[in-house]
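> Predicted coordinates and the sequence they were generated for:
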Amino acid sequence: MAPVPHTEAKLSPDLAHPRDKISLLRRDIAACTHCAAHLQAGPRPVVQFSATSRILIVGQAPGSRVHASGVPFDDASGDRLRDWLGIGKEVFYDASRIALMPMGFCYPGKGGSGDLPPRRECAPLWHRRVLDALPADRLTLLVGSYAQAAYLPRRPRRSMTEAVADFAAFGPNVFPLPHPSWRVVLWMRQNPWFEATLLPALRRAVHARLR
Ligand code: SF4
């Protein structure tokens, strides 16, 4: 995967124990106000990870409901995503198994036609540090076009549908997925191979990492 560019954030001092490092990283993210001036509802980073999360879900950005609850994918999109993965909430919200790292950690606010895109500052500021905290043998799910633009090879250029259809080209440890919002229902009808071919392979890969 091609990592997003990295920028420096002020971090707590380095400590010897990995568990302490994770706690400090979580605390630093929770205190982040880097792009607060551009966030309509103010900062509230929503992210989940641990040193043993062997499944990483790179999403888009929290919506207003998730901003209010602080619980990622706490909506119909999350129900659909969990159905795709073949897991329930007890596994999905278990940070020892699943990491949830959106392209923008805070709700960006409303635009003219739905939510604004994830803040561009966020991934370069935090992603490298979260990725460094995760197991190297993880399975990565790139949910939606923003995550795919950041982490899939830029050449050849692919639309979201082309990237998802070509999932086998990215190896057994990376799955590009469409965003599981209500809009995907029609897309799934138009692309029946997604349920017939990709979802069974995805569920096998997920359950292998959960064993
Ligand atoms: S979106 Fe990211 S960079 Fe901006 S305040 Fe939230 S955590 Fe910080």
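Noted; the coordinates are in hand. In this text the structure is predicted, and so the values were computed from the model without any measurement.
> Tell me which residues touch the residue nearest to residue 177 when sequence neighbours are not counted, please.
Beyond its immediate neighbours in the sequence, the residue positioned closest to residue 177 (CB to CB, 6 or more residues apart in numbering) is residue 143, lying 4.9 Å away. For every residue, glycine as well, the C-beta is placed using N, CA and C. By CB atoms under 8 Å, 6 or more residues apart in numbering, the contact list for residue 143 reads 57, 58, 59, 60, 81, 177, 178, 179, 180.
> Let me know the closest of those to residue 94.
Taking CB to CB as the measure, residue 94 sits nearest to residue 57 out of the contacts of residue 143, at 12.6 Å.
> List the buried residues in the host helix or strand of that closest one.
For residue 57, the element it lies in under DSSP states H and E is strand 55-58. Neighbour-count burial for strand 55-58, counted by 16 or more other CB atoms under 10 Å, picks out 55, 56, 57, 58.
> Of the residues you listed, just say which sits nearest to the ligand.
The ligand lies nearest to residue 58 out of the buried residues of strand 55-58, by CB to the nearest ligand atom, at 14.0 Å.
> so what's the closest one scoring on pLDDT?
Note for residue 58: predicted pLDDT of 98.
> Could you find the closest non-adjacent residue to it?
Excluding the flanking residues, the one nearest residue 58 by CB to CB, 6+ apart is residue 147, at 4.1 Å.
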